[in-house]
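J.: Below are the sequence and a predicted model; questions follow.
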Amino acid sequence: MKTLLLIVLAGCAVVGLAPAQNRVSVTFTPAGKDPKFEAAADEYRDIWAKEGSRIIDSMERISALKFREKTIKAHTYEGPSFSGRGKAPMRLRSSYAPATKRATIVHELGHRLMGDLVPADTDHHSIIFLFVYDVWVDLWGQAFADEQVTVERARSGSIANYDRLWTEALAMTPAERAGRFKQFLQEHRK
């Protein structure tokens, strides 16, 4: 029996069943190497080490897109989270609660997953909200997703009207969101 188990495990390694975090690497460092943001960088690192594989798998499965970037840098600091672009690092708020840190990783990676598919005259959030909620539900359940929508609705001072955009996205069923997203991809894929 032990021999069979070893053969199965060796077979998995040969087939290449590597975890997703090996496909997409995210490194979290404090902005400006500021020690006051090191604890937050550690929290984000821990989330990624434990859940990065599941996060990438869920996002790619639900969106039907693949991450083109294989290495992403993220800086922790105290300010609005931002997805960055290309070589520009993501910026992640340090003071978020642990659950919101997980949700924010998905949200910001959602922007990066979309890349340049979203036209300049379209709010990126109106598109990523078509799948981000469903990724949250898939990963951590509906109560988690609903709680994080409440957190995002309360954000002010942003260019995006999160409250309105979440209202529009959640007025649709999961199937309607998926259909709308599929239609968007058909119209905008290059």
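T.: Noted; the coordinates are in hand.

J.: Where does pLDDT dip in the protein?
T.: 1-22, 157-158, 190 (pLDDT under 70).

J.: now the helices for it?
T.: Using DSSP state H, the helices of the chain run over residues 2-15, 20-23, 38-63, 98-114, 124-128, 132-140, 142-153, 162-170, 174-188.

J.: For residue 30, find the nearest of those.
T.: Smallest distance to residue 30 across those (CB to CB): 5.0 Å, for helix 38-63. Every residue, glycine included, has its C-beta placed from N, CA and C.

J.: Which neighbouring elements make contact with that closest one?
T.: Packing contacts for helix 38-63, counted by 3 or more CB pairs under 8 Å, 6 or more residues apart in numbering; DSSP states H and E, involve helix 20-23, strand 25-30, strand 71-77, strand 90-93, helix 98-114, helix 132-140.

J.: Would you mark the buried spots in the fourth one?
T.: Judged by neighbour count (16 or more other CB atoms under 10 Å), strand 90-93 contains these buried residues: 90, 91, 92, 93.

J.: Throw those residues into CSV and include distance to residue 126, thanks.
T.: Converted to CSV, the buried residues of strand 90-93 look like this (distance: CB to CB, whole Å):
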residue, distance to residue 126
90, 20
91, 22
92, 22
93, 22
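
J.: Nearest residue to residue 42 in space, please, no chain neighbours.
T.: residue 28 (8.0 Å; CB to CB, 6 or more residues apart in numbering).

J.: and that neighbour, what is it in contact with?
T.: 41, 42, 44, 45, 48, 74, 75, 76, 92 (CB atoms under 8 Å, 6 or more residues apart in numbering).

J.: Ok, residue 140 next?
T.: So residue 140 contacts 99, 102 (CB under 8 Å, 6+ apart).

J.: Residue 151 is in contact with residue 101, isn't it?
T.: No: with contact defined as CB atoms under 8 Å, residue 151 and residue 101 do not form a contacting pair (11.1 Å).

J.: Between these two, point out the one with more neighbours.
T.: Higher neighbour count among residue 151 and residue 101: residue 101, with 20 against 16, using other CB atoms under 10 Å.

J.: Pull up the gap between that one and residue 187, please.
T.: Distance, residue 101 to residue 187, by CB to CB, to the nearest Å: 33 Å.

J.: can you tell which of the helices of the chain is closest to residue 80?
T.: helix 98-114 (10.2 Å).

J.: which helices and strands does that closest one pack with?
T.: Using 3+ CB pairs under 8 Å, 6+ apart, helix 98-114 is in contact with helix 38-63, strand 71-77, strand 90-93, helix 124-128, helix 132-140, helix 142-153.

J.: Could you check these and tell me which one is nearest residue 177?
T.: helix 132-140 (6.6 Å).

J.: ok now the closest one, how far from the chain's centre?
T.: Distance of helix 132-140 from its chain centroid, counting by CA atoms, centre = their mean, to the nearest Å, is 10 Å.
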